[in-house]
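Asker: Below is the sequence, then the predicted model.
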Amino acid sequence: MFRQKIHLEPGKGWLNDPNGLCYLDGKYHVFFQYTPEDAQGDGLRCWGHFESTDNAKSWTFTGITIKPDIPEDRDGVFSGSAVACDGLMHLFYTGNVSGADRASYQIHVTTRDGITISDKRVIMSQNDYPDYCTRDVRDPKVWIEDGKWKMVLGARTGNNKGCVIMYEADDPDDWHFVKQLTVDNFGYMWECPDIFNIDGKRFMSACPQGLKHEEYRNQNVYSSGYFRVTDEGIEDFEEYDLGFDFYAPQTFVNEYDERILIGWMGMCDTYYSNPTYKLGWQHCLTIPRKLSLTEDGHIRQWPVINHDLYGKLEENPENRVRDTELPCDIVAMLNGNDYEIKIDDAAIRYIDGVLYLDLTRRDIGTGRDARAAKVGELKDLRIIIDRTSIEIFANGGRYVMSSRFYPSKEQVGIVSRGGGFLIRQIDKMEVRDLEQ
Ligand code: FRU
């Protein structure tokens, strides 16, 4: 019951941010923030690890890769990233120390298989951060560009201003501060930064905490989005996802040289919940999403699912209920200015330029209410539904809304109005658990 079929989730315990995403010698590696012993996330964070050798058709969970066992990561192995080169993964993460001697260390380890790691090397401590930083400095995202190692870290200044600090290195154990990237009045702490190019345009991701909540913007407790990077700095923050459950995404380049984003399909400190914690686990990652640009320079996200998992395409007319096993992939057949599709008790509605995700009916969203996205003219609408999640991609992925929902039965009824829909069943992605 409630087990996801095409999303990575832990067999037991708590998952949050994706970490160390990379492709190395025929394998995809997905690490994640993991607290195996507690489905509510209390307890020490580790890095768990999934790998796939068949392009995400099936996965193997190999267990914990990094756990707290040195003074500098005593209270948690926090988020970070991977650089895959010369047959080796370089993993960078934040060692969290809380209490009176509160500190954040940046730590480097290497691994060939994602299972056995080298000795831990502490590469940065408080003295290496600019004076204006507090002890909140974390989530190293590292990459190699023009022959140099580069790193961004999320940080909070003494004046409670969120920012990103950037470093460079010739040797991944010896870093030099380069600059700070920030904008005024934009939250007190920025987590999980990332910097990358798409079609020659440069972007910086960040997860600002403390933004003002508005009707169509920053509706979640914490935000997650991207800035354009210019010669002068960063500008024009745009959220990645306007649903209830999306945070701390990370990108990497796959074997086809495409930029892929995976997010945590969850959120901290929410007023809504996930009933699976009573069954012993909580949270999953999003479907991997390929990033590209719209004509006006916004990021589009498009789901990537292994084609071997797909069943045949079927057409369903409007106003006819279709009983369906989940997961499935739906494409709306839009025919006018008003469209609604109901999946069990969840409703997705498009009215006058606004797309709504309504989870108020019979507590299908276990506390989630409704979210709205201003999308303008709705040109297309694709929805990926798993056993307990909905991911909505509008206008070629220019607008995305992701959310958990909890239908009581394995089979759900789907019905649309204002046009029919095309539907394809998706097979379960096998996940082998080496710990069981
Ligand atoms: C984001 C975050 C990171 C931190 C990690 C701890 O969700 O708070 O900033 O490294 O989670 O699990």
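Answerer: Arrived safely. Numbering: from 1, shown residues only.
Asker: I'd say Glu51 and Thr60 touch.
Answerer: Yes: between Glu51 and Thr60 there is a contact at 5.5 Å, judged by Cβ atoms under 8 Å. In short, each C-beta sits where N, CA and C put it, glycine included.
Asker: Would you mind naming what in the stretch 1-150 of the chain lies close to the ligand?
Answerer: Neighbours of the ligand within the stretch 1-150 of the chain, by Cβ under 6 Å from any ligand atom: Asn16, Asp17, Gln33, Arg45, Phe78, Ser79, Thr94, Arg138, Asp139.
Asker: try 8 Å
Answerer: Within reach of the ligand by Cβ under 8 Å from any ligand atom, the stretch 1-150 of the chain has these residues: 16-17, 33, 41, 45, 76, 78-80, 94, 96, 138-139.
Asker: The spatially most central residue of the chain is in what secondary structure piece?
Answerer: Central residue of the chain (Cα atoms, centre = their mean): Gly263, 0.6 Å from the mean position. Per DSSP states H and E: Gly263 is located in strand 259-265.
Asker: Check Thr65 too.
Answerer: Thr65 belongs to strand 58-66, assigned by DSSP H and E.
Asker: right, and the helix or strand after that strand?
Answerer: Downstream of strand 58-66, the next assigned helix or strand under DSSP H and E is strand 77-85.
Asker: quick one, the helix or strand just after that next one and strand 58-66 angle?
Answerer: The helix or strand immediately downstream of strand 77-85 is strand 88-97, counting by DSSP H and E. Interaxial angle, strand 88-97 versus strand 58-66 (axes from the mean of the first three to the mean of the last three Cα atoms, to 10 degrees): 50 degrees.
Asker: Paired strands for strand 88-97, with orientation please.
Answerer: As defined by DSSP bridges, the strand partners of strand 88-97 come to strand 77-85 (antiparallel), strand 103-111 (antiparallel).
Asker: Can you give me the buried ones in the first one?
Answerer: Within strand 77-85, the residues that qualify as buried by neighbour count (16 or more other Cβ atoms under 10 Å) are Val77, Phe78, Ser79, Gly80, Ser81, Ala82, Val83, Ala84.
Asker: Got the phi and psi for Gly200?
Answerer: phi 80, psi 0 (degrees, to the nearest 10).
Asker: ok, residues contacting the strand holding Thr65?
Answerer: For strand 58-66, contacts defined as Cβ atoms under 8 Å, 6 or more residues apart in numbering pick out 8, 10-11, 30-31, 34, 36, 46-52, 77, 91, 93, 109, 111, 114-115, 117, 429-435.
Asker: Just the ones in strands from the residues you listed, please.
Answerer: Using DSSP state E, the subset of the contacts of strand 58-66 located in strands is 30-31, 34, 46-52, 77, 91, 93, 109, 111, 430-433.
Asker: residues in contact with stretch 100-113?
Answerer: 65-66, 72-73, 78, 80, 87-97, 117-126, 128, 135-138, 140, 151, 153, 172-173.
Asker: and that stretch, C-alpha only, in CSV?
Answerer: Output of stretch 100-113 as CSV, limited to C-alpha atoms (Å, rounded to 0.1, in the frame of the first residue of the first chain):
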residue,chain,number,x,y,z
ALA,A,100,27.8,24.6,21.6
ASP,A,101,30.6,24.0,19.1
ARG,A,102,28.3,24.3,16.1
ALA,A,103,30.1,24.2,12.8
SER,A,104,29.9,23.3,9.2
TYR,A,105,32.8,21.5,7.6
GLN,A,106,33.1,20.6,3.9
ILE,A,107,34.4,17.1,3.4
HIS,A,108,35.8,15.2,0.3
VAL,A,109,35.8,11.5,-0.2
THR,A,110,36.3,9.3,-3.3
THR,A,111,34.7,6.0,-4.3
ARG,A,112,34.8,3.8,-7.3
ASP,A,113,31.6,1.9,-6.7
